[in-house]
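Chemist: got a predicted model here, sequence first, then my questions.
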Amino acid sequence: MSELFPLKQVMGFALSIILTIIAAGVYFLDGISFPIIMTILLVTAFIQAGLQLVVFMHAGETDDKSAIYTNIYYALIIALVTIFGTLLCMIWGYL
Amino acid sequence: MDYFERFAIPHPSPAIYASMVAIGFTVIALIFVLTYFKLWGYLWREWLTTVDHKKIGIMYLISAIVMLFRGGADAIMMRAQMAVPNNTLLDAQHYNEIFTTHGTVMIIFMAMPFIMAFMNFIVPLQIGARDVAFPRLNALSFWLFFMGAMLLNISFVIGGSPDAGWTNYFPLADNEFSPSVGTNYYLFALQISGLGTLMTGINMIVTILRMRAPGMTLMKMPMFTWSAFIANVIIVFAFPVLTVALTMGTFDRLFATKFFTTTDGGMDMLWANFFWVWGHPEVYILILPAFGIYSEIISTFSKRNLYGYKSMVGSMVIISFLSFLVWTHHFFTMGQGALTNSIFSITTMAIAVPTGVKIFNWLFTLWKGNIEFTTPMLYSMLFIPTFTIGGVTGVMLGMSAADYQYHNTMFLVAHFHMVIIPGVVFAMLAGLHYYWPKMFGFMLNEKIGKITAWVIAIGTLLTFMPMFFSGLDGQARRMYTYTESTGFGIWNMISFIGAIGFTIGFMLIVYNVYYSIRYSPRNIGMDPWDARTLEWATPNPVPFYNFAKQPHVNSVETFWDSKNNGHELFPEPYEDIHMPSNSGMPFILACIFFAWGFSFVFSMWIPAILSTIGIFICMALRSLEKDPGYYVTVKEIKETEKKLRGVQ
Ligand code: HEM
Ligand SMILES: [Cu+2]
């Protein structure tokens, strides 16, 4: 029976719903500061994205696993570099 | 009638009216020729609906050459205007429009399709594949690029050209300072062709990763394929930034958002930031495939394996990463602090190191090589010293403190022309001579080719070296004239003479094509250059299915091994070949995209909505369509091969 039940997918589904609720819940919370809101949103967003990639888009289930992960990490690094670089020369650089 | 007033040119001149008439006549002449010789069917069947990577490559090539002449005409007009002080050949507005279209056309619609042409034509042949991974998507990429290019090119006769520079900096580019529709043209032309480029990026990556012949591991790929792979990885990561920036700019201009405004919380320099987050990787997208072509040519004509294959690959991987870390060097003078500038200065100088590694690898390949001076090799040899001048001045510009002196002067203009012309244009011309027999089955004339190479190289130096001096003397870029007392006159005169040299060079190329079509022998065999890589293991020109039998690869230069070291290239028997079928959909979809862009440029909402619906209908039809392709039987293959090899 256990091999018929898609435990991983059900767990993934539940977790993604919970993450969505947490993120949406930020809207209803009063009195927390902007940085905390952003932190909650960013953290839930990154977990959510990773979850979707691994559980539902099957990253890591085929033999080109390493290519897929290399690609994802590369994208992540470039995105972070771009964001922090932009912050550096658009905002922080003037302090 | 009021409705049509929007299409009028805001700043007309006799030259523009003359061009309108000329365009009108050309179109009529074209329609006449096509009808008279009954070529419409041929055009539709063989070109507009083709999904063959070779034909798409050739169409990219033709577009690139046409755009080279268009951008070249702009360049000549600019140099003529600048040749003497206080010249009145062009007024300020026309000068602005011309330098803007020159830059945009040359980078986006000349250099890009040129590298796309070679990637499309060569990569599948080099890896022993029958086509790219997604042939129909490939056709769509081409037609999107083509329609984007056409959209920008009609701007000067309908509604007015963009005039805010190829960098299109906001707030200059917003409605207040650029009220004509020109900038809309820029935004939509780049958006549409950028979509095509992004699709090519994905297509090529999948092709290279999944469709290599048996035995070809990653480290046995020819260098051009490696360079194309890396360039496409950069495309996939860099182009989305351009897409987003263009969209934000479009919203600012058409829907009054405030992303790049100076008021209401907008951030005007954010455009410059995004533009260069894409723009610097873009220059490496252009240069890497060019380096790949040089690598092929230098190793073929030195009769040697490429020196330092691994370090070549390694340096490209490093470049692909570093190219994303340096963009701020384009606006060191914007006002951010010394710390930020220093960080980006260091990354900028770091990128010169892997570039240097590649230069030394070529030099070591030549060393002890058995060098043969053909036209492609001559271009490669002229490239190394000229490009080095450009690279060294790049490092000078990369020092942020010094850049305050050089920025936005002719020194900068000289720098990037001295890297792009030897780096990209020479490579493309070298590739053109090298792969011409592969594409068309005969060689270009060597003697005319060599003279041309020298003329163009001297033209480059004459045109751009003086700019280093006038730039250091303080001549700013993008100024439409200057007074005599500045003393810039002599430098600009020399530049103008160089530009004439260029023109002669390009006319010589046209003459060479004409001459070779008439007089070149056709029985050149499979391997006119005594080459080393797999693309030369097919007949010239290449049959539509590329390889009659599946090739097997044993090394980086498997074709050389099959000629000299007894490697068995085609051990398998003939088999039926599965080929993709033609489709008119990519062309039609791209035409709708053209209408879509055009409607948005002029804020004509009803046609805009209709064409948007049309785009979605096309995509839905494609999703529902079954396209099993077709088979070429062994009998047909044998007949074709007999015919092709029989001629030789
Ligand atoms: C040796 C490596 C290179 C270095 C260190 C370098 C550095 C720089 C720097 C610092 C600038 C900005 C200068 C300023 O605005 O004041 C610049 C501009 C430019 N570079 Fe390079 N560069 C290098 C190679 C290349 C290559 C290979 C290409 C193209 C194939 C290229 C194309 C350009 C272009 C198009 C611009 C300026 C465009 C504009 O402002 O309109 N560079 N380079
Ligand atoms: Cu740059």
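Modeler: That came through fine. Ligands and ions are numbered 1, 2, ... in the order given.
Chemist: phi, psi of the spatially closest residue to residue B:80 that is not a sequence neighbour?
Modeler: Closest residue in space to residue B:80, ignoring its immediate chain neighbours: residue B:89 at 5.8 Å, by Cβ to Cβ, 6 or more residues apart in numbering or on different chains. For the C-beta atoms, the positions are set from N, CA and C on the backbone; glycine is no exception. Main-chain torsions, residue B:89, degrees, to the nearest 10: phi -60, psi -50.
Chemist: may I ask you to confirm that residue B:89 is in contact with residue B:82?
Modeler: No: in this structure, residue B:89 is not within contact of residue B:82 by Cβ atoms under 8 Å, at 9.3 Å.
Chemist: show me which of the two is the more surrounded one.
Modeler: Set side by side, residue B:89 and residue B:82 show more neighbours around residue B:82, with 27 against 16, by other Cβ atoms under 10 Å in any protein chain shown.
Chemist: and that one, what pLDDT?
Modeler: Per-residue pLDDT puts residue B:82 at 93.
Chemist: also the one 5 residues further on?
Modeler: At residue B:87, the pLDDT value in this model is 91.
Chemist: cool, and the one 3 residues further on?
Modeler: The predicted local confidence for residue B:90 comes out at a pLDDT of 89.
Chemist: which one is it nearest to, not counting chain neighbours?
Modeler: Using Cβ to Cβ, 6+ apart and skipping the chain neighbours, the partner closest in space to residue B:90 is residue B:81 (4.5 Å).
Chemist: what's the helix or strand for that neighbour?
Modeler: If you go by DSSP states H and E, residue B:81 is part of helix B:53-82.
Chemist: give the buried residues for that helix.
Modeler: If you call a residue buried by 16 or more other Cβ atoms under 10 Å in any protein chain shown, then helix B:53-82 has these buried ones: B:53-61, B:63-65, B:67-68, B:70-79, B:81-82.
Chemist: just those residues that are near ligand 1?
Modeler: Among the buried residues of helix B:53-82, no residue lies close to ligand 1 (Cβ under 6 Å from any ligand atom).
Chemist: tell me the secondary structure at the residue nearest to residue B:211 when sequence neighbours are not counted.
Modeler: Distance criterion Cβ to Cβ, 6+ apart; nearest residue to residue B:211, sequence neighbours excluded, is residue B:129 at 4.1 Å. Secondary structure, DSSP: H, G, I helix; E, B strand; the rest coil: residue B:129 is coil.
Chemist: tell me the phi and psi of residue B:129?
Modeler: The phi and psi values for residue B:129, taken as degrees, to the nearest 10, are phi -100, psi 160.
Chemist: contacting residues around the residue nearest to residue B:80?
Modeler: By Cβ atoms under 8 Å, 6 or more residues apart in numbering or on different chains, the contact set of residue B:89 is B:77, B:80-81.
Chemist: hang on, the earlier thing: I figured the residue nearest to residue B:90 hits residue B:95, correct?
Modeler: Yes: between residue B:81 and residue B:95 there is a contact under Cβ under 8 Å: 6.2 Å.
Chemist: any common contacting residues for these two?
Modeler: residue B:480.
Chemist: after the helix holding residue B:81, which helix or strand is next? Please name it.
Modeler: Toward the C-terminal end, the helix or strand that comes next after helix B:53-82 (DSSP H and E) is helix B:92-104.
Chemist: what's near enough to touch residue 74?
Modeler: You didn't say which chain, so I picked chain A. Per Cβ under 8 Å, 6+ apart, neighbours of residue A:74: B:233, B:237.
Chemist: could you do chain B instead?
Modeler: Contacts of residue B:74 (Cβ under 8 Å, 6+ apart): B:98-99, B:101-102, B:105.
Chemist: what about the closest residue to residue B:191 other than its chain neighbours, neighbour count?
Modeler: Closest residue in space to residue B:191, ignoring its immediate chain neighbours: residue B:246 at 4.9 Å, by Cβ to Cβ, 6+ apart. By other Cβ under 10 Å, the residues close to residue B:246 number 23.
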